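In: Quick one, structure for this:
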Amino acid sequence: MNLFSEVKDLVLTQLDALVAEGKLPEGLDTKNVTVEPPRDASHGDMATNAAMVLAKPAKMKPRDIAEALAEKLLSDPRVAEADVAGPGFLNLTLTAATWQAEVAQILTHGPAYGRSDLGAGKKINVEYVSANPTGPMHVGHTRGAVFGDALASLLDYAGYAVTREYYINDGGGQVDTLARSVYLRYLEAHGQEVSFPDGTYPGDYLIEVGEKLKDKVGEDYLDQPEEVWLESVREFATEEMMALIREDLAALGVRMDNFYSEKSLYGTGQIEKALADLKAKGLIYQGVLEPPKGKTPEDWEPREQTLFKSTAHGDDVDRPVMKSDGAWTYFAPDIAYHYDKVSRGYDALIDVFGADHGGYVKRMKAAVAALSGGKVPLDIKLIQLVKLFKDGAEFKMSKRAGTFVTLRDVVDQVGPDVTRFVMLTRKNDAPLDFDFDKVLEQSKDNPVFYVQYAYARMSSVLRKAEAQGVDISDAAISKTDLSHLSDPAELKVAKKLAEWPRLVEIAARGNEPHRIAFYLYELASEFHALWNRGNDQTDLRFVQDGDPQATAAKIALPRAVGVVISSGLGILGVTPLEEMR
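Out: Numbers count the residues shown, from 1 in each chain. Next up, the predicted model:
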């Protein structure tokens with residue numbers, strides 16, 4: 001179901017034929033031969049670099065190879081033209097029947113069109129969000145949650161066995177701070193006046209948690225020293241915050257397969273086990289790090305520490321795993337967590353981090369390379385900041401959170417569909433502006449509206465055709481004579497549709513779900529352009545009055561557009577709309 005792959009197979013078959021005829025030498029490596037859309041659409045439908053990459057090993061002129069290959073390719077009924085360009089690029093134009101058959105393929109396979117076996121069932125762990133359980137998720141977490149969730153869906157669509165995982169950072173000092181903040185709200189619930197020292201969490205969201213703690217323990221913790229209540233309040237507060245985070249994720253349409261607690265690594269031997277593995281490989285030693293140039297990192301000490309030889313796996317410097325006082329560094333449990341992932345048998349790992357974790361990329365990749373013997377790749381995706389705008393000004397405050405705009409602030413104002421799509425309209429490592437006014441506009445400049453409007457238009461076409469007695473089922477339409485789809489504007493939409501399976505594989509290979517959003521916008525643009533031409537050119541209208549056979553053929557195109565848009569929006573976690581609200 002990938003026309004580009006089929007044509008590539010055709011190219012490789014004809015290259016083999018040229019070898020068999022003695023026109024090309026044997027033993028040529030064809031792994032770098034590609035078939036892609038040409039940069040300039042006027043050059044044809046597809047282009048292959050076969051002659052360019054084979055010329056040197058074949059000791060031939062690229063143009064000679066291209067001309068011989070062109071002659072072979074023209075014998076295939078799908079190829080209408082094969083033109084040699086420049087020094088030896090080969091541009092192919094396919095027949096209209098080929099594009100019409102692709103539309104039929106989309107209707108025959110339905111939601112399965114574009115699904116890939118690229119992943120071949122390989123197990124992949126995608127860890128995303130992983131926000132500290134100290135409060136509601138803010139808009140930065142929103143972008144990471146949407147990106148991670150869409151990436152997981154994309155990889156699933158491309159044939160991987162995906163686990164969606166949230167790493168709960170409940171093992172550090174920030175959770176103690178949360179407990180102390182909740183205790184202050186607990187005192188407040190008992191009528192006491194409290195103040196929040198610097199470093200605590202003063203957000204209104206903890207008022208309810210303090211009241212719940214009061215309901216649970218009554219007056220038991222009043223006037224008690226911290227050692228009496230800290231541990232139990234910490235556990236209680238973490239559970240309440242995780243319940244809030246789960247609600248936030250659900251509001252955004254994000255689901256997790258697994259929640260993994262950092263705290264579970266402490267006192268269980270997990271950290272020691274991971275470091276023992278590295279020590280057995282000669283990668284743990286006692287040493288003193290050189291003072292860093294520039295800003296001093298928080299994990300540097302001018303004294304002997306236990307170090308991980310991360311430079312042996314591509315890092316800039318070796319990294320401390322235990323401080324001189326015997327306490328673990330922040331890096332130690334991260335190593336143990338990834339050791340656990342490797343031990344669970346994943347074939348690949350993906351971590352989605354905020355941009356402020358850029359300094360962790362090399363050390364984490366070094367750790368996973370060491371723990372897995374280089375067999376498990378780790379891709380780390382950094383999520384850049386989101387700037388919010390409303391009424392022409394930057395939007396910053398949230399009374400409920402205290403200092404930031406929450407995920408729920410965004411979702412409650414524009415809905416989960418708009419939030420998710422807009423968060424994917426930029427590549428993850430590029431900053432993103434989120435304008436509350438613009439994302440609700442009904443215009444071409446609003447990508448989510450433009451794509452959903454295309455789907456709604458498709459639905460309206462089918463309703464109109466059905467009202468005229470046309471069988472609008474995919475099974476019926478796919479068997480219609482599609483030769484009526486012959487206008488260049490119609491074939492242009494069919495050609496864009498045929499890019500979908502190829503686009504899915506490209507996006508999955510690069511872990512780039514934003515490519516799906518970009519493609520859907522381009523497809524919607526082509527469809528809207530065709531729709532608008534039909535306003536002036538009656539033979540391009542999808543419903544042909546008085547000609548049910550032509551109508552059945554014409555509506556095949558918008559229906560195919562609907563199939564692909566539905567699949568693409570499904571990956572992004574956005575609901576296609578049959579009618580615009």
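In: Below-threshold pLDDT in the stretch 201-350 of the chain: ranges please.
Out: Within the stretch 201-350 of the chain, the stretches with pLDDT under 70 are 292, 294-300.
In: Am I right that Leu388 sits in a helix?
Out: No. Per DSSP: H, G, I helix; E, B strand; the rest coil, Leu388 lies outside any helix segment and is strand.
In: Go through stretch 260-268 and flag the buried ones.
Out: Buried residues in stretch 260-268, counted by 16 or more other CB atoms under 10 Å: 260-266. (C-beta placed from N, C-alpha, C; glycine too.)
In: where along the stretch 351-500 of the chain do the strands fall?
Out: Ranges of strands in the stretch 351-500 of the chain, per DSSP state E, counting those that start in this stretch, are 378-383, 386-390, 393-394, 432-435.
In: quick one: which of the buried residues of stretch 260-268 is nearest Ser42?
Out: Nearest to Ser42, judged by CB to CB, of the buried residues of stretch 260-268 is Tyr260 at 52.7 Å.
In: can you tell me which of the buried residues of stretch 260-268 lies nearest to Ala529?
Out: Tyr260 (47.6 Å).
In: need the contact list for the residue lying closest to Asn132 once chain neighbours are set aside.
Out: Nearest residue to Asn132 in three dimensions, chain neighbours excluded: Asn169, at 4.7 Å (CB to CB, 6 or more residues apart in numbering). Listed by CB atoms under 8 Å, 6 or more residues apart in numbering, the contact partners of Asn169 are 130-133, 175, 262.
In: of all those, which two lie farthest apart?
Out: Ser130 and Val175 (13.9 Å).
In: returning to that earlier point: out of the strands of the stretch 351-500 of the chain, indicate the one that is most buried.
Out: strand 378-383 (a mean of 20; mean count of other CB atoms under 10 Å).
In: Which strands or helices does it pack on?
Out: In terms of contacts (3 or more CB pairs under 8 Å, 6 or more residues apart in numbering; DSSP states H and E), strand 378-383 is packed against helix 139-157, strand 348-354, helix 361-372.
In: what separates the closest residue to Pro513 other than its chain neighbours from Ser181, distance-wise?
Out: Of all residues not flanking Pro513 in the chain, Ala150 sits nearest, at 3.9 Å (CB to CB, 6+ apart). For Ala150, the distance to Ser181 equals 33 Å [CB to CB, to the nearest Å].
In: And Asp536, by the same measure?
Out: On the measure of CB to CB, Asp536 and Ser181 end up 65 Å apart.
In: For these two, indicate the residue with more neighbours.
Out: The residue with more neighbours, out of Asp536 and Ser181, is Ser181; 25 against 8, by other CB atoms under 10 Å.
In: Tell me which residues touch Lys216, please.
Out: By CB under 8 Å, 6+ apart, the residues touching Lys216 are Phe236.
In: My error: substitute Lys309 in the last question.
Out: Contacts of Lys309 by CB under 8 Å, 6+ apart are 282-285, 318.
In: now swap in Leu151 and tell me
Out: 126, 128, 350, 352, 381, 511, 513.
In: Surely the first one forms part of a strand?
Out: Yes. Residue assignment for Val126, taken from three-state DSSP, places it within a strand.
In: give me the number of residues near Val493?
Out: 23.
In: Give the residue farthest from the middle of this structure.
Out: Asp223 (49.8 Å; CA atoms, centre = their mean).
In: Secondary structure element holding that residue?
Out: Asp223 is located outside every helix and strand, with elements delineated by DSSP states H and E.
In: Kindly report the same for Leu90.
Out: strand 89-94.
In: mind listing what that strand pairs with, with the direction of each?
Out: strand 46-48 (antiparallel), strand 79-85 (antiparallel) (DSSP bridges).
In: List the contacts of Phe112.
Out: Let me fix one detail, which is that residue 112 is Ala and not Phe. If you count contacts by CB under 8 Å, 6+ apart, Ala112 has them with Met1.
In: From Ala152, how far out is it?
Out: Using CB to CB, Ala112 is found at 19 Å from Ala152.
In: next one: Gly44
Out: For Gly44, the distance to Ala152 - CB to CB - is 36 Å.
In: of those two, who's got more company?
Out: Neighbours per residue (other CB under 10 Å) separate Gly44 from Ala152, with Ala152 holding more: 29 against 19.
In: and which of the contacts of Lys309 is nearest Glu67?
Out: Of these, the one sitting nearest to Glu67 (CB to CB) turns out to be Leu283, at 56.3 Å.
In: neighbours around that closest one, how many?
Out: Quick note: Leu283 (other CB under 10 Å) scores 21 neighbours.
In: same check, this time on Ala312
Out: Neighbour tally, Ala312, other CB under 10 Å: 14.
In: got the phi/psi numbers for the residue nearest to it when sequence neighbours are not counted?
Out: Leaving aside its sequence neighbours, Ala312 sits nearest to Leu283 (CB to CB, 6+ apart; 6.3 Å). In terms of degrees, to the nearest 10, the main-chain angles of Leu283 are phi -110, psi 10.
In: Could you list which residues are in contact with Ile383?
Out: Counting by CB under 8 Å, 6+ apart, Ile383 makes contact with 140, 143-144, 147, 352-355, 428-429.
In: do you know how far it is from Gly114?
Out: Relative to Gly114, Ile383 is positioned 26 Å away (CB to CB).
In: need the contacts of Leu151 in JSON lines with distance to Thr163, can you?
Out: Below are those laid out as JSON lines (distance: CB to CB, whole Å):
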{"residue": "Val126", "distance to Thr163": "7"}
{"residue": "Tyr128", "distance to Thr163": "11"}
{"residue": "Ile350", "distance to Thr163": "10"}
{"residue": "Val352", "distance to Thr163": "13"}
{"residue": "Lys381", "distance to Thr163": "16"}
{"residue": "Asn511", "distance to Thr163": "15"}
{"residue": "Pro513", "distance to Thr163": "17"}
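In: before we move on, back to that, mind checking how far the residue farthest from the centre of the chain is from Trp229?
Out: Taking CB to CB, one finds Asp223 at 11 Å from Trp229.
In: Ser460 too?
Out: Ser460 is 62 Å from Trp229, by CB to CB.
In: Those two - which one has more neighbours?
Out: Between Ser460 and Trp229, Trp229 has the larger neighbour count (other CB under 10 Å), namely 21 against 16.
In: Report the central residue of this protein.
Out: Leu151 (2.6 Å).
In: I'd assumed Pro488 was in contact with Ala96.
Out: No. Counting by CB atoms under 8 Å, Ala96 does not reach Pro488; the two are 9.4 Å apart.
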